[in-house]
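Enquirer: With the input below, show me the fold.
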Amino acid sequence: MDVFLQQVINGLVMGSMYALVALGYTMVYGIINLINFAHGEVLMVGALTSWSAIGMMQGAMPWAPGWLILILATLIACVVAVALNFTIEKVAYRPLRNSPKLAPLITAIGMSILLQTLAMIIWKPNYKAYPTLLSSTPIHVGGAVITPTQIMILGVTAVSLAVLMWLVNYTRLGRAMRATAENPRVAGLMGVKPDMVISATFVIGAILAAIAGVMYASNYGTAQHAMGFLPGLKAFTAAVFGGIGNLSGAVVGGILLGLIEAIGSGYIGQLTGGVLGSHYTDIFAFIVLIFVLTLRPSGLMGERVADRA
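Expert: Model (predicted):
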């Protein structure tokens, strides 16, 4: 039972990070029907930027508490990620908006490889130890342990999701996003600027990805130039699992995927008689993707057109 509880905690932590990245995929897809495969690389840039910022701040402000440095580093990472994603949208995706569906998709994959290569040049290809800025004393919860970093991840995710839901459902920008998702031409006639709304969507996605990147690096204690690829792919799986284009679907898909992975990796050794170890966790995400695409292609929560964006 202790193993099960521990894996549930690990699954919720992983799932909340997937959910944040999956929201970026889903929002962009809901508005311009594009799968932005470079989204995982925004997570990686966020993590590496925060790593550089933490190194500088620890040198410049040795007196500062860990949580303050982490908050400032996350803010810097968000600013860099926003600038990056805004530029990607303007340079790579906007000129291709009315071209065949395949062109932006190939551009997105090319952008992903380009960003990985640039990150490798800027930050060098070695693994970087990500400093532990919060207390590392574990907290015992009924036989399982949870670290302050994991509590921070769950708390920040909950706040980010609440802010996003409020933004989409109760603000002018949210209304404009929903209108653009439903019919960009009619929204344009009503005075909504589709270009501005699309840029805003990329900006919001970048902020969520940068936060997820900092949390991912804090949780695993390491960062490097290729770290964004797999979380990006799994978050895409989570978005498809929940129903791409549906915000609550992305959150549910992300958390369920994290739980399936964690619980699966906890018991895979026992189930296969030791043939597969817990390092085979990645297979679960893609088994889920295959099942969802064959049995229910629209995802768990389907896509209600009015709820797109």
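
Enquirer: how distant is the strand or helix carrying Pro231 from the center of its chain?
Expert: Element membership for Pro231, per DSSP states H and E: helix 229-242. Mean-position distance between helix 229-242 and its chain equals 8 Å (C-alpha atoms, centre = their mean, to the nearest Å).

Enquirer: name the helices or strands packed onto that helix?
Expert: For helix 229-242, the elements it packs on are helix 2-32, helix 39-60, helix 102-123, helix 247-271, helix 282-295, judged by 3 or more C-beta pairs under 8 Å, 6 or more residues apart in numbering; DSSP states H and E. C-beta: built from backbone N, CA, C; applies to glycine.

Enquirer: now these as CSV including distance to Ala129, mean pLDDT and mean neighbour count?
Expert: Formatted as CSV, those follow (distance: least, C-beta to C-beta, whole Å; pLDDT from 0 to 100; neighbours: other C-beta atoms under 10 Å):
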stretch, distance to Ala129, mean pLDDT, mean neighbour count
helix 2-32, 19, 89, 23
helix 39-60, 9, 92, 23
helix 102-123, 13, 91, 16
helix 247-271, 24, 86, 21
helix 282-295, 23, 84, 14
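
Enquirer: Quick check: which of these is nearest to Pro194?
Expert: helix 2-32 (8.4 Å; C-beta to C-beta).

Enquirer: what helices or strands is that closest one leaning on?
Expert: Of the remaining helices and strands, those touching helix 2-32 by 3+ C-beta pairs under 8 Å, 6+ apart are helix 39-60, strand 144-146, helix 148-170, helix 172-182, helix 194-220, helix 229-242, helix 247-271.

Enquirer: Glu89 is nearest to which of the helices and strands packed on helix 229-242?
Expert: helix 2-32 (8.7 Å).

Enquirer: If I take the closest one and helix 229-242, what angle do their directions form?
Expert: Calculated by axes from the mean of the first three to the mean of the last three C-alpha atoms, to 10 degrees, helix 2-32 forms an angle of 80 degrees with helix 229-242.

Enquirer: next one: helix 2-32 to chain centre, how far?
Expert: In terms of C-alpha atoms, centre = their mean, the centre of helix 2-32 is found 8 Å from the chain centre.

Enquirer: Next: stretch 265-273.
Expert: 28 Å.

Enquirer: Just the C-alpha atoms of it, please, in PDB.
Expert: Taking Å, rounded to 0.1, in the frame of the first residue of the first chain, the C-alpha atoms of stretch 265-273 are listed here in PDB:
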ATOM      1  CA  SER A 265       6.300   1.800 -13.300                       C
ATOM      2  CA  GLY A 266       5.800   0.800  -9.700                       C
ATOM      3  CA  TYR A 267       4.300  -2.500 -10.600                       C
ATOM      4  CA  ILE A 268       5.700  -3.400 -14.000                       C
ATOM      5  CA  GLY A 269       8.500  -5.400 -12.500                       C
ATOM      6  CA  GLN A 270       6.100  -7.600 -10.500                       C
ATOM      7  CA  LEU A 271       3.700  -8.000 -13.400                       C
ATOM      8  CA  THR A 272       6.300  -9.100 -16.000                       C
ATOM      9  CA  GLY A 273       8.300 -11.200 -13.500                       C
END
